[in-house]
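Enquirer: Predicted model and sequence follow; I will ask about them next.
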Amino acid sequence: MALGAATLLTPSFAAATPEVPGRAPSVADVQRELGQLALQNTQLVEQFDKAQIDVQTKRVAAAKAGLAAEKADLAFQSARQQLGAAAAAMYEGGSFSATGALLSSNSGSSYLDQLQTLSMISSHTAQIVRGLTAAQKTADAARAKAKTLLKAAKDKRDALAAKRTQVDRQLNKYRTLLDSLTAAQRAAYQRQVNPTVSSSRLDQLRANVPPANSKAAAQAVRFALKQVGKPYVYGAAGPGSYDCSGLTMAAWASAGVSLPHSAADQYNYGHHVSFSQLEPGDLLFYYSPIGHVTIYIGDGLMVSAPQDGENVSVVPAVQGNGYVGSTRLTG
């Protein structure tokens, strides 16, 4: 999920000076447009990640349905062979057949008893075949449905990826505008939208991780800090790159806690805590619908996988500008 400090500041861009026809875009113009596009990008990437999860779920369902259909088919074939053998025996005059019953019986009642037994066996076999046939049809229907759902999920994912590409093109357009600014203007802009901590402060945090509420939370924070500097890539969950929910998922996975690769879904894990109650390891969520998640590390700071073109970084924890809430997980 794309989102960094730049996106968190998006609301302030709305107040920037509007563009004037014929005038070159100002820094404020670029900030406003880039912030709006970054927010769109965040929602699209969240949808893309959820679509990926949907594809994986449907793929598992299709595989299970396929196995069920194969099992039902094998059982059906076996029962059909058994029924064929029984029918052949009945009409070939063996002892366990209608002819055999007539020849081997020593009384009328004995003959009728054997015929009744044969009839029961035949009916039972036929009943088994009917049941297995129904099971096979059910499995085939499930497999067909699973394939249909899988195709729909893939189509959705591909459509989102195409839309995501369109937004990327626009983001690149405005990054190009930023590159046209002077070095001083670019530096001022980066300080405004991406207020990361200094390298010395980062070293201090890594050496002395703030105390957490559990060993699992402390491990998740240590893991997140080790990822700082790695590039943001949407849909990635390590080890070389991450998007936002991929980072928090991997961080907590290192502590033995499983999370889905979706910021919106992660919001439903653990229990909610207020911003004033934040402790290291807690997850912070932004935007409605939710499109970004970070991990709190203490001292008013959080680790965030921001957006394309940026790296995982430590930034101030922000309560305003799209903050939705926080959750606490337990290992």
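Expert: Looks like it arrived, so ask away. Everything quoted here is computed from the prediction, not taken from an experiment.
Enquirer: C-alpha only now, for contacts and for neighbours.
Expert: Noted.
Enquirer: Near A187, how many other residues are there?
Expert: 11 (other CA atoms under 10 Å).
Enquirer: Helix, strand, or coil at it?
Expert: Under DSSP: H, G, I helix; E, B strand; the rest coil, the three-state class of A187 is helix.
Enquirer: May I have the predicted confidence score for it?
Expert: pLDDT recorded at A187 is 73.
Enquirer: again, but for K58
Expert: 86.
Enquirer: now do L34
Expert: Confidence score, pLDDT, at L34: 73.
Enquirer: so what secondary structure elements neighbour the host helix or strand of it?
Expert: In this structure, L34 is located in helix 27-91 according to DSSP states H and E. Judged by 3 or more CA pairs under 8 Å, 6 or more residues apart in numbering; DSSP states H and E, helix 27-91 is in contact with helix 5-8, helix 10-13, helix 98-104, helix 108-179.
Enquirer: Would you pull up how far that helix lies from the middle of the chain?
Expert: In terms of CA atoms, centre = their mean, to the nearest Å, the centre of helix 27-91 is set 13 Å apart from its chain centre.
Enquirer: Next one: Q81 from L74, what distance?
Expert: Distance, Q81 to L74, by CA to CA, to the nearest Å: 11 Å.
Enquirer: ugh, typo on my part, it should be S254
Expert: 43 Å.
Enquirer: Please identify which of these two sits among more neighbours.
Expert: Neighbour comparison, S254 and L74: the larger count goes to S254, with 18 against 13 (by other CA under 10 Å).
Enquirer: residues touching the closest residue in space to the more buried one that isn't next to it in sequence, list them.
Expert: In space, and not counting its chain neighbours, S254 is closest to A220: 6.5 Å by CA to CA, 6 or more residues apart in numbering. Contact analysis of A220 by CA atoms under 8 Å, 6 or more residues apart in numbering lists A251, W252, A253, S254, A255, G281.
Enquirer: do L149 as well
Expert: K58.
Enquirer: and with 10 Å instead?
Expert: If you count contacts by CA atoms under 10 Å, 6 or more residues apart in numbering, L149 has them with D54, V55, T57, K58, R59, A61, A62, R143, D155.
Enquirer: can you put those residues in TSV and add distance to L259 and neighbour count?
Expert: Converted to TSV, the contacts of L149 look like this (distance: CA to CA, whole Å; neighbours: other CA atoms under 10 Å):
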residue	distance to L259	neighbour count
D54	15	19
V55	17	21
T57	15	15
K58	18	22
R59	19	19
A61	20	18
A62	23	21
R143	28	21
D155	25	14
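Enquirer: Which two among the residues you listed are spaced furthest apart?
Expert: Using CA to CA, the two most remote members of these are R143 and D155, lying 18.2 Å apart.
Enquirer: Now G246: closest residue in space, sequence neighbours ignored.
Expert: Nearest residue to G246 in three dimensions, chain neighbours excluded: A237, at 4.0 Å (CA to CA, 6+ apart).
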